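Participant: this is a predicted model, with the sequence first.
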Amino acid sequence: MHTNATPGITSFMKLLKLNALDSDDLGVLSAHLQDAVIKIGDMRYLAEDRQFVMVLNRFDWGDALAPERRKKTYTRIRTGLQFGHVFSVKKSKVMQSNMDAVIDLLAIEFTATQAPSGVITLIFAGGGAIRLEVECIEARLNDLGLAWQTGNLPDHEEQ
């Protein structure tokens, strides 16, 4: 097999492609995205399309927690995340003036209002949150293929 591997890039990583249509599915996305880091400038609300989209750097917890693991490095991978059927977006304690600021995603939660409608909350380290008012849950996660090694294992206090 021939590859054009770049130094520091993981060549044979399995790319994730997940859809979430209910709160259980959203919990799976949340687990895969725990400790993902996002630049403020890499998030957009596309009001005309009723979509909230972002590109983030996902930490590969599956690899980090593997029992047979012997490496001293960990993997991050560039990932796209899209939420559909979004009516509105509200940000709390999320710096919006510095587009290069980086925030750490801790979890994604769903609170039903009038099923299937509700609020998807993206919870960030430091107490920040983004609330998406949605008609229903429809989310897509797609790894974009660019992965790299890091010596840093995420570590933070529980919120």
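Facilitator: Sure, I can see it.

Participant: nearest the geometric middle of this structure, what residue?
Facilitator: Taking C-alpha atoms, centre = their mean as the criterion, Leu33 is the residue nearest the geometric centre of the chain, at 4.2 Å.

Participant: any idea of the mean pLDDT in the top helix by length along the chain?
Facilitator: Counting residues, the longest helix found in the chain (DSSP state H) is helix 23-33. On average, the pLDDT along helix 23-33 is 97.

Participant: the residue nearest to the residue nearest to the centre of the chain when sequence neighbours are not counted and Glu68, how far apart?
Facilitator: By the measure of C-beta to C-beta, 6 or more residues apart in numbering, the closest residue to Leu33 outside its immediate chain neighbours is Leu105, 5.6 Å from it. Using the backbone N, CA and C atoms, a C-beta is placed for each residue, glycine as well. Remark: distance between Leu105 and Glu68 (C-beta to C-beta, to the nearest Å) = 27 Å.

Participant: now stretch 72-90: buried residues?
Facilitator: 74-86, 89 (16 or more other C-beta atoms under 10 Å).

Participant: same thing with stretch 93-102?
Facilitator: Val94.

Participant: for that stretch, which outside residues touch it?
Facilitator: 37-41, 103, 124, 126-130 (C-beta atoms under 8 Å, 6 or more residues apart in numbering).

Participant: what's the most distant pair in those?
Facilitator: Farthest-apart pair in the contacts of stretch 93-102 is Gly41 and Gly127; separation 20.8 Å (C-beta to C-beta).

Participant: which of the two has more neighbours?
Facilitator: Per other C-beta atoms under 10 Å, whichever of Gly41 and Gly127 has more neighbours is Gly41, with 13 against 10.

Participant: can you show me the strands along the chain?
Facilitator: With DSSP state E as the criterion, the chain has strands at 17-20, 36-39, 43-46, 51-59, 74-83, 86-92, 102-112, 118-124, 129-134, 139-150.

Participant: any idea how far the lowest-mean-pLDDT helix or strand in the chain is from the chain center?
Facilitator: Lowest on mean pLDDT, DSSP states H and E among the helices and strands of the chain sits helix 61-64, with a mean of 76. Offset of helix 61-64 from its chain centre (C-alpha atoms, centre = their mean, to the nearest Å): 15 Å.

Participant: restrict it to CA atoms and write it as PDB.
Facilitator: Provided in PDB are the C-alpha atoms of helix 61-64 (Å, rounded to 0.1, in the frame of the first residue of the first chain):
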ATOM      1  CA  TRP A  61     -10.300   9.300  23.400                       C
ATOM      2  CA  GLY A  62     -10.800   5.900  21.800                       C
ATOM      3  CA  ASP A  63      -7.100   5.700  21.000                       C
ATOM      4  CA  ALA A  64      -6.000   7.400  24.300                       C
END
